[in-house]
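Sharing a model prediction with you, sequence too.
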Amino acid sequence: MKKTWLVIQREYLTRVKRRSFLITTLIVPIIIIGFYAAIIAISISGSTSSQKIALIDDGHLFNGQVDKAKDDLSQYAFIQGETEDSFKSKYKTLGYSAFLYVPKINIDAPYGIRIHSQSALSLSDKGKIESTVNRAIEDKRLASAQIDPAKYKAINADVSIENTIDSENGEKKAVAGVAYAVSFGGGILIYMILLIYGMMVMRGVMEEKVNRIAEVIVSSVKPFQLMLGKIIGIGAVGLTQFSIWIVLMILLQALVPLLFPGMFHQVTANPAVAQAGQTGQPNMMIVVAEGLKSLPIGLILFCFVFYFLGGYLIYASMFAAIGSAVSEDQQEAQQLTFPIMMPIILAFVIMTKAVNDPNSGLAIFGSLFPLTSPIVMMGRIAYSPPAWQIILSMAFLILGFLFFTWLTAKIYRTGILMYGKKITWKEMIKWAFRKG
Amino acid sequence: MSLLEVRNLKKYFATQKAVDDISFSLDKGSIFGLLGPNGAGKTTLIRMITGIFYPDEGNILLDGKKFDAENDVALIGYMPEERGLYKKMKIGEQAVYLAQLKGLSRHAAIERVKQWFIKFEMQSWWNKKVEDLSKGMGQKLQFVTTVLHEPKLIILDEPFSGLDPVNSNLIKEEIYDLAKKGSTIIFSTHRMEQVEEICDHIILVNKGQKILDGSVGNVKQQFKENIFSIALDRIPGIPVQQIFDVIGKNDSSLILRINNGFRSNDVLQYFIGQNINVVSFNEMLPSLSDIFIKLVEGTPLARQFQSVKA
């Protein structure tokens, strides 16, 4: 036990002290937050840019006044006494970024409306202008059918249905979108953890074998202690790195509004949001907050830690066995890791299905089978699966961990002392099931 | 009293009888040569003695007690042929880590490492990384980490490979010194001249079995072929006679093989009788290398796989 502890310490400290650890630990959240900030900045700058659009209304569609669609921020100016051809060469110099030409049209078959611009309009700008034009056409059609446009708008329904879950703890509001995001996020995180830290274990074992350290160490420590020490040490590195990331993300998230002070102000000042508020749709932030409140946060966090550790331990022991079988080159490692990548990828695929249909047979199977359960169960957990399934899944995961560790320890023990020979899967299976 | 006793040790792998019934015992403070061609089973034998493998059959007694891998690893220092160190780790830390794995406290480990580093003039290396060392320097460090915890039994597999003559001598002196202080040393190598120089006792294994066991002197006596070199003041023409055959000849001396039933005095008498002055007369014992080749020759270079019925 004391020796395993020494190995854990070495594995942990040598990695944490490395410069590359510091760099990745600091850079990853900065990149993520950077992306996040960039996306917000771009979306805001896109929605605030108001362009001036010239309008030649030969078809008298607008009757001299443009009733803009709610998120169309363009400014329209009516141009008199010009034709489409004559104005084409002028609008640029007059300061318009585009001009909209409405010919004389049949209101029931409105073809031939054109927008001229110097460069292709963005999809969202084109869409906004189209919806403005559509409104004008709808108004004309309502008029010709003798329906009062105001009455029509009052009739128009836009309902969002609230889902309440009736559990023993009372009613809660379910927000499908939030549950979906949390599930998907959790599944992806576990998937990444398995790959990143599993590979780290494999490289560590390969280092010991390729540099011929294994036999020196194994003459003072049992191979199982060495393997366990490495797995636990690297697991601790993973937990450290994740904790730092979470703290940094929270700090940076708090910093973003300080760095871009105008941003949130603009969002709230955005007429579209304000309008949405008036029509009775709850504000997005409030929706997310309520959605999170409706989720079993404690259970999700507990499961995340549990499946993080369980999944990591199962796969790390397998990656260690692979590492022990590789004798020289990276390419060999890639071939051997393939069968281990398969269940991870499979689990990921099942997880993407499970977030959409959390109670399907495939999702239930995936969340019980120990090689896929860490990823798949995270994909279901926000939808509150039955307790017996969670308990069974955890029990299977623990049993799976014991079984695979027992199996892989035997491969590892033989593999690390085997030099100069290419080892196949067949041989590894033989080692695993050999007695003694 | 013997420090290590190995009795009827067997280890069979799926395709080979790697070690097939080997027994021997080692005296405390002796330097012991474990010889054998590639694939003879030396490494497997050593791995059983160091507790890396469990024997299929047989016993290992260390210091009179049954060998217990868990606790006795502290008594053993093993430098395997396939050896290496963590490249990215600092040298001082690495030596301390390896000593701690052998059961020393951190404090004691640091003290010992410092002492050895001073002895080998390696003090300036402490904060360097292994990847900065040359092969020979790495080898020295490896030796230090092997003997740092003052083991009773030291096993060195090809300890001189990659060392220049100066460093070889340094290590050799250290080996003698450790033996004098009471450590027992098992020395495995293919370099026969080193074995002749260093070892008191040798065993030779081939195909998993012991084929020779004894002190270097005894083994040589056992394999001597009655070959003598005789230096004379003039070389006569020698007719065929019964006493000896001439098997080599140069300006001032002859190499003779004495035939069965005759003794060295008969040779001397022969030359004295011819009134030829004998300048010197020496027995030429076979070198270990010759003995090795003689015993192992004829067996295929690489061991053939054999089916094992255990």
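That came through, no problem. Numbering: from 1, shown residues only, chains lettered A, B, ... in the order given.

Quick one: neighbours of residue A:414, just the number.
By the criterion of other Cβ atoms under 10 Å in any protein chain shown, residue A:414 has 19 neighbours. (Each C-beta comes from the backbone N, C-alpha and C, glycine too.)

interface residues of chain A facing chain B?
With Cβ under 8 Å from any Cβ of the partner chain as the criterion, chain A comes near chain B at residues A:3, A:6-7, A:10, A:14, A:18, A:207-208, A:211-213, A:215-222, A:417, A:419, A:430, A:436.

Would you point out which residue is most central in the chain?
Picked chain A for this. Centroid-nearest residue in chain A: residue A:185, 5.2 Å away (criterion: Cα atoms, centre = their mean).

oops, chain B please
Central residue of chain B (Cα atoms, centre = their mean): residue B:33, at 2.8 Å.

Is that one located within a helix, as I assumed?
No - counting by DSSP: H, G, I helix; E, B strand; the rest coil, residue B:33 is not part of a helix but strand.

Tell me which residues touch it, please.
Counting by Cβ atoms under 8 Å, 6 or more residues apart in numbering or on different chains, residue B:33 touches B:187-189, B:195, B:198-199, B:201-203, B:216.

Distance from the chain centre to the helix or strand containing residue A:338, please.
Using DSSP states H and E, residue A:338 maps to helix A:330-354. For helix A:330-354, the separation from the chain centroid amounts to 19 Å (computed by Cα atoms, centre = their mean, to the nearest Å).

ok, and what's touching the next helix or strand after it?
Remark: after helix A:330-354, the chain's next helix or strand is helix A:361-368, criterion DSSP H and E. Helix A:361-368 is contacted from outside by A:347, A:350-351, A:353-354, A:357, A:372-373, A:376-377, A:379-380, A:385, A:389, A:392-393, A:396, using Cβ under 8 Å, 6+ apart.

Same check on stretch A:16-26?
With Cβ under 8 Å, 6+ apart, stretch A:16-26 has contacts from A:15, A:237, A:240-241, A:244-245, A:248, B:88.

try stretch B:238-256
B:227-233, B:235, B:257-259, B:262, B:266-267, B:270, B:279-280, B:284.

Show the average pLDDT along stretch A:201-214.
Stretch A:201-214 shows a mean pLDDT of 88.

Could you do stretch B:182-198 as well?
Mean pLDDT, computed over stretch B:182-198, is 87.

can you pull out the strands in the stretch 151-300 of chain A?
Assigned by DSSP state E, counting those that start in this stretch, the stretch 151-300 of chain A shows strands spanning A:163-167, A:170-174.

where among the ones you listed is the average confidence lowest?
strand A:170-174 - the lowest mean pLDDT of these, at a mean of 53.

Against residue B:108, how distant is residue A:159?
Residue A:159 sits at a distance of 77 Å from residue B:108 (criterion: Cβ to Cβ, to the nearest Å).

looking at chain A, which residue lies furthest from center?
residue A:81 (53.7 Å).

what sits against residue 55?
In the absence of a named chain, chain A is used. The contact partners of residue A:55, by Cβ under 8 Å, 6+ apart, come to A:62, A:66, A:76-79, A:99-100, A:102.

Can you look at chain B instead?
Counted by Cβ under 8 Å, 6+ apart, residue B:55 has contacts B:9-11, B:19, B:48.

Would you list the buried entries among the residues you listed?
Buried by 16 or more other Cβ atoms under 10 Å in any protein chain shown: B:9-11, B:19, B:48, out of the contacts of residue B:55.

Show me the residues you listed that map onto strands.
With DSSP state E as the criterion, strands contain B:9-11, B:19 from among the buried ones among the contacts of residue B:55.
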